[in-house]
Structure formats: C-alpha cells, structure tokens
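In: Quick one, what's the 3D model for this:
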Amino acid sequence: MKKINLAVLLSGSGTTLQNLIDRIDEGLLPARIVLVLSSNEKAYGLQRAKNAGIEAYSVPKKKYNSSIEFNDALYKYIDSYQVDLIILAGFMSIFRIEDRFKNRVINVHPALIPAFCGKGFYGEKVHRSVIETGVKITGCTVHFADDEYDHGPIILQKPVDVLESDTPETLAHRVQEYERIALVEAVRLFAEERLVVEGQKVRILTE
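Out: Got it, this is the predicted structure:
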C-alpha cells in the first residue's frame, strides 16, 4: 500500500506525535510524517520530531497580527511538502481549513463530541467537567476538522467508563490510551481510502 504523507500541528509535549512515530516505526501505519509545525516555540513536540529526523518548525501565533496571517504562515510550510493529511495533535489555535484540504484535516478530542467540546474545552478542563457533571461514560472522538472548535464529520469514537474514584488526571490517562488507538485507526482508514464523507456523516467502507 502506498504510504501517505502527514503533517502534524501541535502546541505542547507531542505525545500524540510520538504515538504516530512509534506506530509507523512498528510498521502498523502506512504513512510517513514529513512535517511538524508548532504554535509554541518551546513545545517539546518539536524536539520529539527532531529526534525522529522529521523536519520541524516553530510558527508562534503571537508573532502575527491576525489569525489570517498566522494561517498563511502555516500553509506556506505545508505547501512546501506533498501533504496528504494534516493531524491536529493538541494544536491550541484555530486552523483555517482551505477548500483543498476539506476532509483532509483530522482532530482528536478527549470527549464524546458533541458533549464537553467547543471553545475552552481542552486538556484537563474537559475531564474535570466530565467528573463534576457526573456522567458515567466519556471517551474520545476522532473527526475531520472544519473551521469551528471540535466540529466536523466524526470518524471514530471510543467510550471510556468514568469511575467514582476518578480524578481529572486518572481519567485523562485512560482516555489518552484510547485516543492513541483511535487516531492510528482513523489514519489507517484514510490511507486505505475507506472513509466516505456524506454531509456530516462518515461512512467506513469494508475492506
């Protein structure tokens, strides 16, 4: 199977990036990561990329006067590579989806969209809200991104039980385990051309 080229956008430690690197190295994912971009020049994800021999660049949002200029700078890098799929891996800024990348940008959210999502719902804030609300099941969602926070056709969801003993940290740890599984599965399905977007729904073709 032909390998697809990935660009990974991140803002933090890069654990999602490392998961992709590891699965590719194990031969479990028909892909190569050709580019990593970070909105935070101090993000450890940049170092993870360099350790793996991946070209990585810092594009600090604070250096640009508007989100349009910021996104133009991101696309300047992306357009220098033959990118098939963009992964938003803890990218803490709105990424404007140009028409040519419609349904070619994947995001991972640590809850079951449309619950506990949208602007301000990220990281520990999501899991704390889940626990405080008293729901019994949470999980993670992998979806095609659009120009709204945590919105777009859903590819996969994985449920995770919320335990009475859970803290935001323990719940996050369990959800992240499923995030790693779901993202790799979604990228593999994309590479196999088995994802068909029909309006706001994604149909997964059988092998």
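
In: Ramachandran coordinates for residue 6?
Out: The phi/psi pair for residue 6 (degrees, to the nearest 10) reads phi -110, psi 140.

In: Neighbours of it, how many?
Out: Using other CB atoms under 10 Å, residue 6 has 27 other residues around it. For glycine as for every other residue, the C-beta is placed from the backbone atoms N, C-alpha and C.

In: mind listing what it touches?
Out: 20, 31, 32, 33, 34, 35, 83, 84, 85, 86, 87, 187 (CB atoms under 8 Å, 6 or more residues apart in numbering).

In: ok, it to residue 162 distance?
Out: Look at residue 6 and residue 162: by CB to CB, to the nearest Å, they are 32 Å apart.

In: remind me, longest helix of this structure?
Out: In terms of residue count, the longest helix belonging to the chain (DSSP state H) is helix 168-191.

In: Show me what that one is packed against.
Out: Applying 3 or more CB pairs under 8 Å, 6 or more residues apart in numbering; DSSP states H and E, one finds that helix 168-191 contacts strand 4-10, helix 15-25, strand 85-89, strand 105-109, helix 124-133, strand 137-144, strand 154-161.

In: ok, now which ones touch residue 74?
Out: 9, 37, 59, 95.

In: May I see the buried residues of the helix or strand hosting it?
Out: If you go by DSSP states H and E, residue 74 is part of helix 67-78. Using 16 or more other CB atoms under 10 Å as the test for burial, helix 67-78 gives 70, 71, 73, 74, 77, 78.

In: Columns distance to residue 104 and pLDDT on top of these, output as a markdown table?
Out: Listed next are the buried residues of helix 67-78 as a markdown table, based on distance: CB to CB, whole Å; pLDDT from 0 to 100:
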| residue | distance to residue 104 | pLDDT |
| --- | --- | --- |
| 70 | 20 | 96 |
| 71 | 15 | 96 |
| 73 | 19 | 97 |
| 74 | 14 | 97 |
| 77 | 16 | 97 |
| 78 | 11 | 98 |
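
In: just to revisit the earlier point, how about the helices and strands packed on helix 168-191 in TSV, adding distance to residue 183 and mean pLDDT?
Out: Formatted as TSV, the helices and strands packed on helix 168-191 follow (distance: least, CB to CB, whole Å; pLDDT from 0 to 100):
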stretch	distance to residue 183	mean pLDDT
strand 4-10	11	98
helix 15-25	7	97
strand 85-89	7	97
strand 105-109	5	96
helix 124-133	16	95
strand 137-144	6	97
strand 154-161	9	98
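
In: Need these in TSV (columns: distance to residue 181).
Out: Below are these laid out as TSV (distance: least, CB to CB, whole Å):
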stretch	distance to residue 181
strand 4-10	17
helix 15-25	9
strand 85-89	15
strand 105-109	11
helix 124-133	18
strand 137-144	9
strand 154-161	7
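
In: right, so of these, which gets closest to residue 180?
Out: helix 15-25 (4.5 Å; CB to CB).

In: Go through the helix or strand following that closest one and flag the buried ones.
Out: Once the chain leaves helix 15-25, the next helix or strand it forms, by DSSP H and E, is strand 31-38. Residues of strand 31-38 classed as buried: 31, 33, 34, 35, 36, 37, 38 (neighbour count, 16+ other CB under 10 Å).
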